[in-house]
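Trainee: Have a look at this prediction, sequence included:
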Amino acid sequence: MNVLWLQSGGCGGCTMSLLCAESPDVLATLEGGGVSLLWHPSLSEASGPEVVAILESCIAGTTPLDVLCVEGALLRGPHGSGRFHVLAGTGRAMIDWVRALAARARHTVAVGTCAAFGGVTAAGCNPTDACGLQYDGNAAGGLLGAGYRSASGLPVINVAGCPTHPGWVLETLLALALDGIAAVDLDALGRPRFYADQLVHHGCSRNEFYEFKASAEKASDLGCMMEHMGCKGTQAHADCNVRPWNGAGSCTSGGYPCISCTEPGFEEPGHPFFETPKVGGIPIGLPTDMPKAWFVALAALSKSATPKRVRTNATADHPVVTPVIRKTGFK
Ligand code: SF4
Ligand code: SF4
């Protein structure tokens, strides 16, 4: 299976993240899965005219283009010309290359939230008119249009994340190599369900604190970061706490609230990232499927039942009250 990878308007962080794949590494995983990288700007030796020849060969249909991966937002400015980002040495706007290649690709994959939804590149006044391949924030459309379907009949596969987890990218590519992704395997935003059908909250090491609403009040506290520190783990679709990053951690286990980087529009939450917006002391962003009245009732109940250990440790940077040692067994 041939994969072509282009980098558009982004920081390159998704490629950096991809390089963290281990056991086995990126290249061994792709090779083992029968995936051939036609070209990747950071991993390939080809440059200049050789690269142009590869792109033109794909557009002409001479070289089969099984997967077009795009990393970074698509820069449509100024005035729709795309001239803010011309592919070096070609005089042609990147968005024109992407449109031409996407028309040929068997599958089109957005690698990262910028390519999927616009991401950080589209934040603020968005002077470059950045957007995603098939979304502009929450709105379907983007560069290719809401009706775009690749040759396989699928919409753009949005491997969202800022950056993406290397496992999300590699599993997507390996699944495509096995013809293992159908429309039913994508969620309503085009994200592969194998990681997007879960919430960051699942498996979070702070779940005991969440249960008792024992909350962190400042950076480095051990407690749950939902109530005061802006954590959106109960709303963000990703398996970050089930599939560790770099084999070990995650944002929340590292002490950082989840800022829901896999969701469209995460870059402009309308409040400081590390603060929880509230009305009448109740967080606005409640868990996705929990009615507000239930949350208020349960929070009051669970706070009244919080064990001393959990309450004390929630605002400490290390466990200061350890679990009681009790005899186990039935004697
Ligand atoms: S810190 Fe965030 S992800 Fe972890 S338990 Fe609290 S709300 Fe859930
Ligand atoms: S924990 Fe949240 S912010 Fe961190 S990588 Fe996962 S989805 Fe993104």
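Mentor: Nice, thanks for sending it over. Ligands and ions are numbered 1, 2, ... in the order given.
Trainee: Can you name the residues of the stretch 151-300 of the chain that neighbour ligand 1?
Mentor: The stretch 151-300 of the chain comes close to ligand 1 at residues 200-201, 204, 206-207, 210, 224-226, 231, 233-234, 252, 258, as judged by Cβ under 6 Å from any ligand atom. (Glycine included, C-beta is placed from N, CA and C.)
Trainee: what would these look like in a markdown table with neighbour count?
Mentor: Shown next, in a markdown table, are those (neighbours: other Cβ atoms under 10 Å):
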| residue | neighbour count |
| --- | --- |
| 200 | 27 |
| 201 | 23 |
| 204 | 25 |
| 206 | 24 |
| 207 | 14 |
| 210 | 21 |
| 224 | 28 |
| 225 | 28 |
| 226 | 28 |
| 231 | 30 |
| 233 | 28 |
| 234 | 22 |
| 252 | 24 |
| 258 | 28 |
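Trainee: Out of these, which are close to ligand 2?
Mentor: Answer for these near ligand 2 (Cβ under 6 Å from any ligand atom): 200, 252, 258.
Trainee: Now the residue in the stretch 201-331 of the chain positioned nearest to ligand 1: which helix or strand?
Mentor: With Cβ to the nearest ligand atom as the measure, residue 233 is the residue of the stretch 201-331 of the chain nearest to ligand 1, at 2.4 Å. For residue 233, there is no helix or strand it lies in under DSSP states H and E.
Trainee: residues contacting the residue nearest the centre of the chain?
Mentor: Centroid check for the chain by Cα atoms, centre = their mean gives residue 161 as the closest residue, at 1.3 Å. Taking Cβ atoms under 8 Å, 6 or more residues apart in numbering, we find residue 161 in contact with 14, 112-113, 168, 238, 261-262.
Trainee: Looking at neighbours, which among those residues is most surrounded?
Mentor: Highest neighbour count within these: residue 112, with 35 neighbours (other Cβ atoms under 10 Å).
Trainee: Spit out the contact partners of the closest residue to that residue other than its chain neighbours.
Mentor: Computed as Cβ to Cβ, 6 or more residues apart in numbering, the closest residue to residue 112 that is not its neighbour in sequence is residue 14, at 4.0 Å. Residue 14 makes contacts with 71, 111-112, 161, 163-164, 169, as judged by Cβ under 8 Å, 6+ apart.
Trainee: what about residue 14, which SS state?
Mentor: helix (DSSP: H, G, I helix; E, B strand; the rest coil).
Trainee: residues from the stretch 151-300 of the chain in reach of ligand 2?
Mentor: Counting by Cβ under 6 Å from any ligand atom, the residues of the stretch 151-300 of the chain that sit close to ligand 2 are 161, 200, 236, 238, 240, 250-252, 258-262.
Trainee: can you redo those as TSV with distance to residue 7?
Mentor: Formatted as TSV, those follow (distance: Cβ to Cβ, whole Å):
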residue	distance to residue 7
161	16
200	27
236	25
238	22
240	24
250	26
251	24
252	29
258	26
259	23
260	24
261	18
262	20
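Trainee: Pick the one among those closest to residue 2.
Mentor: residue 161 (24.0 Å; Cβ to Cβ).
Trainee: Confirm that that closest one lies within a strand, as I assumed.
Mentor: No: looking at residue 161 with three-state DSSP, it is coil, so not inside a strand.
Trainee: low-scoring pLDDT stretches of the stretch 201-331 of the chain, where are they?
Mentor: 330-331 (pLDDT under 70).
Trainee: excluding its backbone neighbours, what's nearest residue 123?
Mentor: residue 267 (4.3 Å).
Trainee: sec struct for that neighbour, please.
Mentor: Quick answer, by three-state DSSP: residue 267 is coil.
Trainee: can you count the residues close to it?
Mentor: Neighbours around residue 267, by other Cβ under 10 Å: 21.
Trainee: cool, and residue 120?
Mentor: The burial count for residue 120: 20, using other Cβ under 10 Å.
Trainee: Likewise for the one 5 residues further on?
Mentor: Residues near residue 125, counting by other Cβ under 10 Å, number 5.
Trainee: need the contact list for it.
Mentor: No residues are in contact with residue 125 under the rule Cβ under 8 Å, 6+ apart.
Trainee: And residue 129, by the same measure?
Mentor: Going by Cβ under 8 Å, 6+ apart, the list of residues near residue 129 reads 75-78, 80, 84.
Trainee: Mind doing that once more with 7 Å?
Mentor: 75-77 (Cβ atoms under 7 Å, 6 or more residues apart in numbering).
Trainee: who's residue 245 bridged to?
Mentor: Counting by DSSP bridges, residue 245 is bridged to residue 249.
Trainee: element containing the residue of the stretch 101-250 of the chain found nearest ligand 2?
Mentor: Residue nearest to ligand 2 within the stretch 101-250 of the chain (Cβ to the nearest ligand atom): residue 240, separated by 3.4 Å. Using DSSP H and E, residue 240 falls within no helix or strand.
Trainee: so how many other residues sit close to it?
Mentor: If we define neighbours as other Cβ under 10 Å, then residue 240 has 27 of them.
Trainee: Which residue, neighbours along the chain excluded, lies closest to it?
Mentor: residue 250 (4.5 Å).
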